[in-house]
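Colleague: Show me the folded form of this:
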Amino acid sequence: PICEGKVERLRPTQMSIQEFSLDGWYEETKLKETQDYGDEYYNKIVMVGDSNTMNMYSSGYIKGTNAWAIPCLHAQSMYEGDINLYGYGKKMNLLEAVSQYKPEYMIINLGVFSTAWIGQDAFLEYSKKVIEGIKERSPDTKIMLISLYPILSGNNINKFDQAIINKYNFMILELAKEYDLKYLDAEVALKDAEGYGRDDYYFDDHYHLNNSGYRALKNYIRTHAWED
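Modeller: Residues are numbered from 1 along each chain as shown. Next comes the predicted model:
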């Protein structure tokens with residue numbers, strides 16, 4: 001006789017690049033599709049991130065006071081270092097900035113450089129310090145963790161690996177669940193059918209989004225809003 005046992009579903013970390021999906025995992029933590037809440041909602045959100053966030057500001061997709069970014073940002077430098085607050089013309093520690101400005105909404109991109117420049121243990125340690133620090137200094141801020149953006153297939157100068165990015169995105173979703181935050185699964189708006197970034201959304205460096213990519217990302221945020 002054939003033994004009929006329980007079929008275990010694959011965890012996201014066991015999936016191939018092409019089949020990777022966070023569907024069915026911590027659905028109450030992920031922001032679902034909503035109506036387009038437009039710029040009235042979008043312009044309330046401070047976005048923290050690396051050069052993609054910086055370039056969103058310089059390209060006009062985030063207003064200056066909402067762009068808190070520095071190139072090559074990762075979880076440890078986000079906690080320990082300073083970050084550019086472009087609209088204020090200053091550079092300061094992220095947690096000090098949160099204490100001073102107390103944003104209504106924050107989207108935190110923990111940095112694809114976290115997958116290449118620091119280890120997994122350090123990533124988790126400093127991500128938790130960032131989250132706990134923000135919650136302590138501004139308890140009313142609505143915090144969203146956003147997925148790390150995909151990369152184009154092929155070689156890239158920073159040696160990012162899409163399989164590792166996917167693994168970290170699952171960890172970020174678990175962090176959002178642990179700390180009762182919301183998760184923006186924006187990677188799905190930027191990927192092609194093979195599980196990498198869409199060619200028409202990226203520059204040739206395989207990492208930086210172009211204007212089409214920024215428009216898609218902005219649209220995803222506006223149509224996956226935090227509804228009170």
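Colleague: Tell me what the residue nearest the centre of the chain is bridged to.
Modeller: Nearest to the geometric centre of the chain sits Ile146, at 2.7 Å (Cα atoms, centre = their mean). Counting by DSSP bridges, Ile146 forms beta bridges with Leu184.
Colleague: shouldn't it be in contact with Ile107?
Modeller: Yes. Counting by Cβ atoms under 8 Å, Ile146 does reach Ile107; the two are 5.1 Å apart. In this view, the C-beta of every residue, glycine as well, is placed from N, C-alpha and C.
Colleague: What segments of this protein are strands?
Modeller: 45-49, 67-69, 82-85, 90-93, 105-108, 142-146, 182-184 (DSSP state E).
Colleague: packing partners for the fifth one?
Modeller: Pointing back at strand 105-108 there. With contacts defined as 3 or more Cβ pairs under 8 Å, 6 or more residues apart in numbering; DSSP states H and E, strand 105-108 has these neighbours: strand 45-49, helix 120-137, strand 142-146.
Colleague: Ok, the last one next?
Modeller: Contacts of strand 182-184 with other secondary structure elements, assessed using 3+ Cβ pairs under 8 Å, 6+ apart, are made with strand 142-146, helix 162-178.
Colleague: quick one on the thing from earlier: what spatial separation is found between the residue nearest to the centre of the chain and Ala176?
Modeller: Ile146 sits 10 Å away from Ala176, going by Cβ to Cβ, to the nearest Å.
Colleague: Give me the common contacts of the two.
Modeller: Tyr183 (Cβ atoms under 8 Å, 6 or more residues apart in numbering).
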